[in-house]
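Student: what shape does this take:
(chains A, B, C, D, E and F)
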Protein chains: 6
Amino acid sequence: MATLGLIEYKDASAEVRAIYDDIMTTRKTDWINNFWKALANDPATLKRTWNDIKQIMAPGALDALTKEMIYVAVSVTSQCGYCIASHTASAKNKGMTDAMFRELMAVVGMANETNRLAAGYQIEVDEQFKT
Amino acid sequence: MATLGLIEYKDASAEVRAIYDDIMTTRKTDWINNFWKALANDPATLKRTWNDIKQIMAPGALDALTKEMIYVAVSVTSQCGYCIASHTASAKNKGMTDAMFRELMAVVGMANETNRLAAGYQIEVDEQFKT
Amino acid sequence: MATLGLIEYKDASAEVRAIYDDIMTTRKTDWINNFWKALANDPATLKRTWNDIKQIMAPGALDALTKEMIYVAVSVTSQCGYCIASHTASAKNKGMTDAMFRELMAVVGMANETNRLAAGYQIEVDEQFKT
Amino acid sequence: MATLGLIEYKDASAEVRAIYDDIMTTRKTDWINNFWKALANDPATLKRTWNDIKQIMAPGALDALTKEMIYVAVSVTSQCGYCIASHTASAKNKGMTDAMFRELMAVVGMANETNRLAAGYQIEVDEQFKT
Amino acid sequence: MATLGLIEYKDASAEVRAIYDDIMTTRKTDWINNFWKALANDPATLKRTWNDIKQIMAPGALDALTKEMIYVAVSVTSQCGYCIASHTASAKNKGMTDAMFRELMAVVGMANETNRLAAGYQIEVDEQFKT
Amino acid sequence: MATLGLIEYKDASAEVRAIYDDIMTTRKTDWINNFWKALANDPATLKRTWNDIKQIMAPGALDALTKEMIYVAVSVTSQCGYCIASHTASAKNKGMTDAMFRELMAVVGMANETNRLAAGYQIEVDEQFKT
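Tutor: Numbering: from 1, shown residues only, chains lettered A, B, ... in the order given. Below you'll find the model as predicted:
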């Protein structure tokens, strides 16, 4: 069970409800996932985290789907079960096809492999990469 | 210094040279970075790793630049100095602008933060994410 | 199921029971958690690990609660589910309030974020930090 | 060299200077460390990160020094060289003695060890920890 | 549930069946574990990963059991639940005794501890180790 | 520079010298590497860590070289530069050939790759692995 429990909409303060409303409006959904219900135990963290994510994940130089797939890549590397489940679902909602998922996984696996080969062989950074 | 040293083109076997040539042709460059020169001490690993990367990083459902940025995201999460330097350079070569890099970093940082919030609050995966 | 199973008090050797007794006495509890029951399959590791923890977690320049919260911070960063559950419970037993837990999580999340920003931007250590 | 370079105070925009000023005022120092000079290439990230850190690291249910030591614990677990150097220096500035540092390191090391023992022995979470 | 589901032998394409057959023949078993059934959603990744593992895990300068225990050591350090379960089972099949498992865990735990002590104390690499 | 500096033999207390002597005798060398000189700032940690390592790394069900290679595998996975350098040197001293090192690296890289594929595809543990 979540350490401090989950706060449902009906039990939430006005401050928390306002953020829940903004999440649902921004994401065009009618429900709140557990991540936010758990953070709602700390309204300051809920607000800060949501505002940060809203700013960071908005389309910019990178589109929303690319950002979501990067989020999945990090979550897989960190072995965060909840995050893998939630951000894979988000990426699908934003248009990630099965073919894209398969290539995403292949890159993430490969990168984790060569991250260790580079460290294990104690390879110096090339001068060309230092500029 | 690299554990087993670096193998320069002029000192390489025909087998290794063939891979070096393929790397330079595929990447349209005229030099080989240290990663491959270190792996060349193990021709089987050099060959396997290059063939895997060549297959995985080729444009498909995801374009080459998106794949390279995912590679950077993993390398940053894993704290691999060599890989951050080399794949950031590769991403720039493939068209990553400074604006794209800044957004990439913002997403990677944010994902690493929420990966720990989700774990630390011991949040159960929502039923909606399990399908 | 635990790889080598769990060893209950009634099935334990005298050597293992002595450590179980010391754990319960030191922690002022009347039960042994699964971590120790699993390690009991390797009495040398059980003994060494318990003696190390007993020494390290005793109040010193840092009080016992601060040490327990640091333990939680590491466990969350490492994504160890068992350790997050057990050390969060321990920290609560030692006086961690919900407010303290919320701030602990906020710091852990933030640190994991900036750990990647610092690596990703390839930032050199300031001379002022090298003394 | 930092990927996008470092932005010195004299070269900074008014927006960035205002944050630099706030950092120096808040921390009672007369210089800016490289982390912020690197982030200044992305004013939105600079501003968001500084505001988050300022909020999170302020004394609350946990004092400022405890928070800084937790930051060090995470940075060490993540193997972030820059962060270890900078936050160890910060912790010293906030009053961390050598004795406190030694105990901090002992706890961080121990936690990383048992994080793997718990995972490796595949230990189930005790019912008592699930409430 | 696995993101893209699991592909059973009876539902597999001829290409996938050929790999399943090779896995069972090479490993002298009559069933396929979920890892391969999940990867079968991406035949290119299934084929590449199996061929790589078959090459890498074959006895050479290191025997098959030693390789399998190294695989467990990495999986435990990475906190990959599936991999710990599957490679611990594989190691047992290849002859790992309980005594070997206990020593393996002790080394993995210890290494993770000193990995952080070395980083946290910011220890420079000795000249003697640089050759 | 090491956070608390390095303590040379000539400047060490009798207690620390006794441990330095035991390290050199046990390892049949005439010098002490920086890891121990840094830990010597905390004699309790120096003593505990050395005694633990001495016990754990002694030949048992696993030989000393196998243990040292497992140590390298963990250090590479954790991205600990100091530990990679020192334990690779130790493994060579204990008889690791270049061929063994190459295979060790191949396994470590592969395991890190599949650790992420298993997590990313959200693969359930097979019933057969749960006994």
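
Student: give me the pLDDT for the residue in chain A that chain E sits nearest to.
Tutor: Residue nearest to chain E within chain A: A:R102 (4.0 Å; C-beta to the nearest C-beta). The C-beta positions use only the backbone N, C-alpha and C, and glycine is treated the same way. What the model reports as pLDDT for A:R102 is 98.

Student: for it, which non-adjacent residue is closest in space?
Tutor: E:D42 (4.0 Å; C-beta to C-beta, 6 or more residues apart in numbering or on different chains).

Student: what is the neighbour count of that neighbour?
Tutor: 21 (other C-beta atoms under 10 Å in any protein chain shown).

Student: so what's it up against?
Tutor: A:R102, A:M105, A:A106 (C-beta atoms under 8 Å, 6 or more residues apart in numbering or on different chains).

Student: also A:A64?
Tutor: A:M57, A:A58, A:K94 are the contacts of A:A64 under C-beta under 8 Å, 6+ apart.

Student: distance of the residue lying closest to the second one once chain neighbours are set aside from chain C?
Tutor: What it means is A:A58. Computed as C-beta to C-beta, 6+ apart, the closest residue to A:A58 that is not its neighbour in sequence is A:A64, at 7.3 Å. Taking C-beta to the nearest C-beta, to the nearest Å as the measure, A:A64 falls 20 Å from chain C.

Student: how close does A:A64 get to A:N93?
Tutor: Taking C-beta to C-beta, to the nearest Å as the measure, A:A64 falls 10 Å from A:N93.

Student: host element of the residue nearest to A:I32 when sequence neighbours are not counted?
Tutor: Leaving aside its sequence neighbours, A:I32 sits nearest to A:Y20 (C-beta to C-beta, 6+ apart; 5.2 Å). Using DSSP states H and E, A:Y20 sits within helix A:14-27.

Student: quick revisit: please indicate which of the contacts of A:A64 are buried?
Tutor: A:M57 (16 or more other C-beta atoms under 10 Å in any protein chain shown).

Student: hmm, back to that, how far does the helix holding A:Y20 sit from the chain's center?
Tutor: Centroid separation between helix A:14-27 and its chain, computed with C-alpha atoms, centre = their mean, to the nearest Å, is 18 Å.

Student: what average pLDDT does it get?
Tutor: Rounded mean pLDDT across helix A:14-27 is 98.

Student: repeat for stretch A:69-88
Tutor: For stretch A:69-88, the per-residue pLDDT averages 98.

Student: wait, does it contact chain E?
Tutor: Yes - contact of stretch A:69-88 with chain E is found when judged by C-beta under 8 Å from any C-beta of the partner chain, involving A:Q79, A:T88.

Student: could you pull out the helices for chain A?
Tutor: Assigned by DSSP state H, chain A shows helices spanning A:14-27, A:34-39, A:43-57, A:64-78, A:81-93, A:98-120.

Student: need the residues that contact the second one.
Tutor: Identification of contacts with helix A:34-39 by C-beta under 8 Å, 6+ apart yields A:2-8, A:19-20, A:23, A:45-46, A:49-50, A:82, A:86, B:114, B:117-118, B:121, B:123-126.

Student: any of those buried? List them.
Tutor: A:2-4, A:6-7, A:19-20, A:23, A:45-46, A:49-50, A:82, A:86, B:114, B:117-118, B:121, B:123, B:125-126.
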